[in-house]
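[1] after the sequence you'll find the predicted model.
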Amino acid sequence: MQISKQLGEIVDNAMAEAIKDGTLSIPQDQAPHADLERPRDLSHGDWATSIAMRSAKLAHTNPRTIAQAVVDRLPKDTNIESIEIAGPGFINFRLAPAMFQQVVNQVRDEGKDFGKSEQPEGTHKVNIEYISANPTGPMHVGHGRWAALGDATARVMSHAGYQMYQEFYVNDHGTQLDVFANSVSVRYQQLLGKDVQMPEKCYGGAYVADIAQKIIDTDGDKWLNVSDEERCANFKERAYRYELDEQHRVCAEFGVHFDKWFSERTLYEKDENGTSAVDRALAAMRQKGYVYTKDGAVWFKSTAFGDDKDRVLIKENDEYTYFISDVAYHYNKIERGFDHLIDIWGADHHGYIARCQAMMAAWGYPDMLEIMLGQLVNLFRNGEAVRMSKRTGEMVTFEELIDEVGVDSTRWMMLSRSADQPIDFDIEAAKRKDASNPVYYVQYNHARICSILRRAAGVNDAGETEGGASATEGTKAAESSAQVTNPGANSTANPEPAKGAHGIEENLPHEIDAIAAKAIGDNVDLSLLTHESEIALMRKMDDFTQIVADAARDRAAFRLTHYSLELARLFSEFYTKCRVLVDDPKLQAARLALCDAVRIVLALSLSLLGISAPERM
């Protein structure tokens with residue numbers, strides 16, 4: 001259990017006791033909880049609660065008097081060094097090292113499950129829909145931000161106890177596919193020597209000619225002399241499928257795997273009862289009394305729920321609007337049994353929120369739909385704005401970016417700030433292999449710990465011979481040689497297994513968990529971990545569960561980038577001040593256990609962001 005939760009329970013119990021014995025006149029069911037927080041200034045202690053100040057109005061009593069009543073009823077605990085009442089009524093706790101030392105065993109025992117929690121209101125089945133790019137061209141850099149944001153949000157929320165379901169909405173219904181097909185048709189004819197011009201309304205990117213060339217490679221001039229209608233009908237499906245396959249491929253390359261790719265077309269398909277998702281959504285809205293006919297068109301009375309004007313669902317010529325697809329799609333999610341819906345949109349869709357919130361309210365679900373808006377990504381190269389791709393002369397695509405920068409650095413940059421803030425993405429800065437690149441710095445520290453553990457376990461590291469340094473060498477030089485090999489290697493890809501002096505791959509059967517267990521042994525005396533840098537690491541690891549829970553609640557995965565960077569910094573500080581490989585076997589085992597716990601939390605933090613944790617760099 002988290003230290004803050006343990007302290008919170010004893011504070012809540014002390015408050016309950018003070019109420020029960022009549023010292024405080026507060027209705028028991030109205031008493032606030034401790035809700036401990038870290039003091040901004042650690043000289044004030046490790047944890048603090050403002051419960052006394054939050055109870056003052058209820059108790060009609062001075063907060064310091066309430067604080068004293070609570071403190072008087074706190075049990076004696078050797079894990080608490082001191083308790084003081086400060087300022088207007090804060091209760092500050094200073095903890096003994098033993099309280100922090102327990103987190104080392106907890107992390108190592110729980111492994112990848114460390115930091116998991118459960119939602120107090122029970123399991124929520126959440127549908128998160130993101131990217132949802134049109135299948136009419138390559139995904140742009142903005143789609144990359146939604147990919148990183150959606151996937152990391154789902155990972156973090158899942159770790160915090162939500163049941164997540166990830167979905168990509170395929171916009172494969174509407175006139176844009178007809179325009180796309182016609183664009184490919186014209187390029188096809190041009191490539192075969194026919195003098196035809198691209199229409200004003202078209203997709204003009206070089207990728208359109210690439211698709212046309214693929215059709216030529218397969219079919220030759222088979223479609224050159226048929227009617228435009230026949231050619232476009234064939235090309236429409238082929239071009240659409242090609243781009244959809246590209247979206248699947250790029251998402252997989254980025255580490256994003258959806259539970260469902262939902263086709264917009266299916267909303268209009270009739271089931272065995274002769275009704276479609278559009279029919280059912282419209283009927284449900286009619287039943288609630290929020291659909292009416294005017295001037296031959298069918299309208300949704302969205303102004304009843306705060307929208308600035310009513311919205312057309314079916315035009316006077318019986319043509320469906322784009323909005324009715326959104327109506328049917330969200331009603332379909334309700335039919336599928338989701339408790340909560342999250343949509344991630346670009347900031348340019350802000351004006352669409354009111355009508356979508358209105359449709360949910362019309363069905364009786366005013367709080368079910370949550371919209372996350374992502375701001376723009378501005379590309380730079382060494383501080384200079386990047387407008388076009390060097391390769392194509394057109395926009396820089398998402399795939400081009402990850403090909404040049406790498407998945408890990410791209411994810412980190414896309415997740416480094418809150419979704420409501422724009423990102424200035426400097427390509428060259430993201431490619432650097434030094435401490436100025438935060439993802440490299442975090443991964444480097446993870447790999448450094450793995451190297452220390454391998455050395456301590458007597459497992460040969462890269463470039464070492466059979467007579468390499470043993471785990472018990474007590475010099476700083478020996479520890480320094482247990483650092484990361486080849487720090488200039490590419491950290492954004494999965495590093496190649498290290499090779500020995502003769503080019504033979506070594507140590508492949510060794511899993512790092514087994515190596516750590518061998519290096520550390522059993523019955524570790526963690527009471528030896530009392531240095532301030534050791535306490536700082538343990539304190540930071542204890543924060544992890546709450547960091548994840550808060551990031552899930554606030555849809556703020558970016559906090560994990562800050563957390564992992566700070567944990568890596570604290571480890572680097574510890575590594576500078578405290579030797580790990582020392583003559584004292586008990587102290588060495590304790591510090592190796594601490595290193596191993598940090599390794600686990602760093603790897604877990606990175607995994608929640610969808611970023612790899614290399615064991616060698």
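    It's in. Everything numeric here is computed off the predicted structure, so don't read it as measured data.
[2] give me the low-pLDDT residue ranges for the stretch 351-500 of the chain?
    389-393, 461-500 (pLDDT under 70).
[3] cutoff 80 now
    For the stretch 351-500 of the chain, residues meeting the criterion pLDDT under 80 lie at 388-394, 460-500.
[4] which stretches of it form helices?
    With DSSP state H, counting those that start in this stretch as the criterion, the stretch 351-500 of the chain has helices at 353-362, 398-405, 407-415, 427-431, 438-456, 476-480.
[5] tell me what angle the second one forms with helix 407-415.
    Here helix 398-405 points in a direction 120 degrees away from that of helix 407-415 (axes from the mean of the first three to the mean of the last three CA atoms, to 10 degrees).
[6] outside of helix 398-405, which residues touch it?
    Residues from elsewhere that reach helix 398-405, judged by CB atoms under 8 Å, 6 or more residues apart in numbering: 138-141, 143-144, 147, 250, 253-254, 379, 389, 391, 410, 413, 425, 427, 430-431, 492. Just so you know, the C-beta spots here come from the backbone N, C-alpha and C atoms, and that holds for glycine as well.
[7] and residue 167, that's in a strand?
    Yes - under DSSP: H, G, I helix; E, B strand; the rest coil, residue 167 sits within a strand.
[8] was I right about it contacting residue 263?
    No - using CB atoms under 8 Å, residue 167 makes no contact with residue 263, being 11.2 Å away.
[9] which one's more surrounded, those two?
    With neighbours defined as other CB atoms under 10 Å, residue 167 and residue 263 compare such that residue 167 has more, 24 against 17.
[10] just give the closest residue to that one, not the sequence neighbours.
    Spatial nearest neighbour of residue 167, excluding adjacent residues (CB to CB, 6 or more residues apart in numbering): residue 129 at 4.5 Å.
[11] near residue 303, how many other residues are there?
    Per other CB under 10 Å, the neighbour tally for residue 303 reads 15.
[12] middle-most residue in this structure, spatially?
    residue 152 (1.6 Å; CA atoms, centre = their mean).
[13] assign that residue to helix, strand or coil.
    From three-state DSSP, the assignment for residue 152 is helix.
[14] residues contacting the residue nearest to residue 167?
    Going by CB under 8 Å, 6+ apart, the list of residues near residue 129 reads 150, 166-169, 262, 341-344.
[15] try it again with 6 Å
    Applying CB atoms under 6 Å, 6 or more residues apart in numbering, one finds that residue 129 lies in contact with 167, 169, 343.
[16] just residue 302 next, same as before
    Counting by CB under 6 Å, 6+ apart, residue 302 touches 310-311, 355, 358.
[17] circling back: closest one of the contacts of residue 129 to residue 48?
    residue 343 (38.3 Å; CB to CB).
[18] neighbouring strands - and their directions - for the helix or strand hosting that closest one?
    Assigned by DSSP states H and E, residue 343 belongs to strand 340-346. Counting by DSSP bridges, the strands paired with strand 340-346 are strand 125-129 (parallel), strand 369-374 (parallel).
[19] turn those strands into CSV, including distance to residue 448.
    Below are those laid out as CSV (distance: least, CB to CB, whole Å):
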stretch, distance to residue 448
strand 125-129, 35
strand 369-374, 34
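[20] secondary structure class for residue 233?
    Assignment for residue 233 (three-state DSSP): helix.
[21] what is the burial count for the closest residue to it other than its chain neighbours?
    Excluding its sequence neighbours, the residue lying closest to residue 233 (CB to CB, 6+ apart) is residue 181, at 7.6 Å. As a burial measure, residue 181 scores 23 neighbours (other CB under 10 Å).
[22] what separation is there between residue 181 and residue 257?
    Going from residue 181 to residue 257 by CB to CB, to the nearest Å gives 29 Å.
[23] can you tell me the helix or strand for the residue in the chain sticking out farthest from the centre?
    Outermost residue of the chain with respect to the C-alpha centroid, by CA atoms, centre = their mean, is residue 225; its distance is 51.0 Å. Using DSSP H and E, residue 225 sits within no helix or strand.
[24] now the phi/psi pair for it, please.
    Torsion angles at residue 225 (phi, psi; degrees, to the nearest 10) stand at phi -110, psi 20.
[25] domains in this protein, by residue range?
    3-95, 175-239, 438-608 (automatic domain parsing).
[26] starting at the chain centroid, how far to the last one?
    The chain centroid and the centroid of domain 438-608 are separated by 23 Å, computed with CA atoms, centre = their mean, to the nearest Å.
[27] ends of it, what's the gap?
    In terms of CA to CA, to the nearest Å, the two terminal residues of domain 438-608 are separated by 16 Å.
[28] can you check stretch 116-126 too?
    17 Å.
[29] tell me, how many residues neighbour the closest residue to residue 285 other than its chain neighbours?
    Leaving aside its sequence neighbours, residue 285 sits nearest to residue 291 (CB to CB, 6+ apart; 5.1 Å). Number of residues near residue 291 (other CB under 10 Å) recorded here: 18.
[30] and the one 4 residues further on, by the same measure?
    Counted with other CB under 10 Å, residues neighbouring residue 295 total 8.
[31] the nearest residue to it once chain neighbours are set aside: what secondary structure?
    Spatial nearest neighbour of residue 295, excluding adjacent residues (CB to CB, 6+ apart): residue 316 at 6.2 Å. Secondary structure state of residue 316, per three-state DSSP, is coil.
[32] any idea how far residue 316 lies from residue 299?
    For residue 316, the distance to residue 299 - CB to CB - is 11 Å.
[33] neighbour count: the two, which is higher?
    Neighbour comparison, residue 316 and residue 299: the larger count goes to residue 299, with 17 against 12 (by other CB under 10 Å).
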